[in-house]
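# Sharing a model that was predicted from the sequence below.
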Amino acid sequence: MELKIMKTHTVQSSFTALHGLKLAALVFGGSLLLAGCAGNPPSEQYAVTQSAVNSAVSAGGTEYAAVEMKSAQDKLKQAELAMHDKKYDEARRLAEQAEWDARVAERKAQATKAELAVKDSQKGVQELRQESQRSAQPVQ
């Protein structure tokens, strides 16, 4: 009976030590990851942002969301300068902001184009109604 108690107690001690070791490894790994990110240029974020800006331009952002597009392009340029100066944290922050500005510009352009399409369709329907009313009236 004593042997069982000793085995159980030993297993719990090993479990606690193993749990502490895993936690320490996790903290150490996380700190290495954060330190690694701070020293590397945000090339991937920059590429994502460049793609978002290009997509917004293709969607008509420069025409329908000029303020947002200008903001996105300015921040992207600032991010590029920050990367050149090896200010990677600032470059990453600016690139993320530029990405969101570009996404807003794209959505705003899409919404404006959709509104214009609806208005154009409504105008076409109105013209058809007027035409049908003219043709329904008897000629005198």
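Structure received.

# how does this protein divide up, domain by domain?
Per automatic domain parsing, the domain ranges recorded for the chain read 1-39, 41-125.

# and the ones you listed, which one is worst for confidence?
If you rank the domains of the chain by mean pLDDT, domain 1-39 sits at the bottom with a mean of 51.

# Residues in contact with stretch 42-61: which ones?
65, 68-69, 72-73, 76, 79-80, 83, 88, 91-92, 95-96, 98-99, 102-103, 105-106, 108-110, 112-113 (Cβ atoms under 8 Å, 6 or more residues apart in numbering). The way it works is simple: take the backbone N, C-alpha and C, and place the C-beta from them, glycine included.

# I meant to write stretch 81-99 there.
38-42, 45-46, 48-49, 52-53, 71-76, 78-80.

# can you rerun that using 10 Å?
Contact with stretch 81-99 is made by 37-53, 56, 71-80, as judged by Cβ atoms under 10 Å, 6 or more residues apart in numbering.

# Filter those residues down to the buried ones.
42, 45-46, 48-50, 52-53, 56, 71-73, 75-76, 78-80 (16 or more other Cβ atoms under 10 Å).

# Distance from the chain centre to the top helix by length along the chain, please.
Across the chain, the longest stretch assigned as helix under DSSP state H is helix 88-136. Here the centre of helix 88-136 is set off from its chain's centre by 20 Å, with Cα atoms, centre = their mean, to the nearest Å.

# got it, and stretch 128-138?
The answer for stretch 128-138 is 51 Å, by Cα atoms, centre = their mean.

# again, but for stretch 61-75
16 Å.

# could I get it in PDB with only the CA atoms?
C-alpha atoms of stretch 61-75 as PDB (Å, rounded to 0.1, in the frame of the first residue of the first chain):
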ATOM      1  CA  GLY A  61     -10.000  54.100 -55.100                       C
ATOM      2  CA  THR A  62      -8.100  57.100 -56.600                       C
ATOM      3  CA  GLU A  63     -11.400  58.300 -58.200                       C
ATOM      4  CA  TYR A  64     -14.000  57.400 -55.600                       C
ATOM      5  CA  ALA A  65     -12.000  57.400 -52.300                       C
ATOM      6  CA  ALA A  66      -9.200  59.900 -53.000                       C
ATOM      7  CA  VAL A  67      -8.600  60.800 -49.300                       C
ATOM      8  CA  GLU A  68      -8.200  57.200 -48.200                       C
ATOM      9  CA  MET A  69      -6.000  56.400 -51.100                       C
ATOM     10  CA  LYS A  70      -3.700  59.300 -50.500                       C
ATOM     11  CA  SER A  71      -3.400  58.300 -46.900                       C
ATOM     12  CA  ALA A  72      -2.600  54.700 -47.800                       C
ATOM     13  CA  GLN A  73       0.000  55.700 -50.400                       C
ATOM     14  CA  ASP A  74       1.600  58.300 -48.100                       C
ATOM     15  CA  LYS A  75       1.900  55.700 -45.200                       C
END
